[in-house]
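Q: sequence first, predicted coordinates after that:
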Amino acid sequence: MKLPIFKYHPDPIATESIIESDEACLCCGQVKGYIYSGPVYAEEELAEAICPWCIADGSAHKKFDAAFTDEAGIGAYGKWGSVPDLVVEEVAYRTPGFSGWQQERWWTHCGDAAAFVGRAGRKELFAMGEEAVLAIQNSIGLVGEDWNRFLQALDKDGSPTAYLFKCLKCGELGGYQDCN
Ligand SMILES: [Zn+2]
Ligand SMILES: [Zn+2]
């Protein structure tokens with residue numbers, strides 16, 4: 001079965017927000033072979049309990065009043081550009097989120113939410129090229145030795161970690177970093 005298409009999170013398998021699983025989805029009751037493993041904001045405990053299809057069609061949001069990304073974190077609480085309510089709703093309610101060390105933020109650009117590329121360390125940023133490195137350097141504002149030291153420590157599975165996004169309108173890379 002092909003996974004639903006998530007405009008703002010194009011490869012949730014690669015980012016490990018969706019994992020293979022034999023668990024039944026608490027929303028549709030079916031074993032779909034995949035389960036969402038990212039954060040869930042809901043009254044009920046829904047960790048690793050919702051299938052990607054129930055996220056994509058909005059049924060998990062409707063049934064549990066669940067969000068998968070904090071609405072206010074889209075645009076980093078006003079720090080980045082704001083986006084239309086329809087975009088906030090699509091990202092928060094119908095898109096898999098991702099797990100960060102601190103409260104997750106979703107990069108916005110050109111009046112739209114950007115697509116989440118994934119967590120990145122030094123190795124991943126170098127593999128994606130100079131633009132990716134610069135995007136994270138600009139987000140933290142370090143230069144020279146301070147930046148080099150930070151970059152050396154940057155680790156996809158460790159701390160600090162970078163979160164990389166790509167603007168769906170202009171293709172620019174952006175994001176942020178945090179640590180535990
Ligand atoms: Zn389901
Ligand atoms: Zn843009």
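A: Looks like it arrived, so ask away. Ligands and ions are numbered 1, 2, ... in the order given.
Q: tell me the contacts of the residue positioned nearest the centre of the chain?
A: Taking CA atoms, centre = their mean, the centroid of the chain lies closest to residue 98, which sits 4.0 Å from it. Residue 98 makes contact with 9, 15, 17, 38-39, 69, 104, 116, 118-119, 163 under the criterion CB atoms under 8 Å, 6 or more residues apart in numbering. Where you see a C-beta, it was placed from the backbone N, CA and C, and this is true even at glycine.
Q: ranges for the helices of the protein?
A: Per DSSP state H, the chain carries helices over the ranges 52-56, 59-64, 85-94, 122-128, 130-140, 144-153.
Q: any idea which of those helices gets closest to ligand 2?
A: Ligand 2 lies closest to helix 130-140 among the helices of the chain, at 11.7 Å (CB to the ion).
Q: ok, which of the contacts of residue 98 also contact ligand 1?
A: Counting by CB under 5 Å from the ion, the subset of the contacts of residue 98 that neighbours ligand 1 is empty.
Q: any chance of those in CSV, plus distance to residue 154 and neighbour count?
A: What follows is the contacts of residue 98, written out as CSV (distance: CB to CB, whole Å; neighbours: other CB atoms under 10 Å):
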residue, distance to residue 154, neighbour count
9, 22, 27
15, 17, 21
17, 20, 24
38, 21, 24
39, 22, 19
69, 23, 26
104, 17, 21
116, 17, 28
118, 13, 21
119, 10, 21
163, 11, 24
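Q: what about residue 27, how many residues nearby?
A: For residue 27, the neighbour count with other CB atoms under 10 Å is 21.
Q: repeat that for the one 10 residues further on.
A: The number of residues packed near residue 37 is 21, by other CB under 10 Å.
Q: contact partners for it?
A: Per CB under 8 Å, 6+ apart, neighbours of residue 37: 16-19, 47-48, 99.
Q: ok, now how distant is residue 168 from ligand 2?
A: Distance of residue 168 to ligand 2, given as CB to the ion, to the nearest Å: 8 Å.
Q: residues in contact with that residue?
A: Contact analysis of residue 168 by CB under 8 Å, 6+ apart lists 7-8, 110, 112-115.
Q: among those residues, which are in strands?
A: 112-113, 115 (DSSP state E).
Q: who wins on neighbours among these?
A: Neighbour counts for the ones in strands among the contacts of residue 168, by other CB under 10 Å, peak at residue 113, which reaches 29 neighbours.
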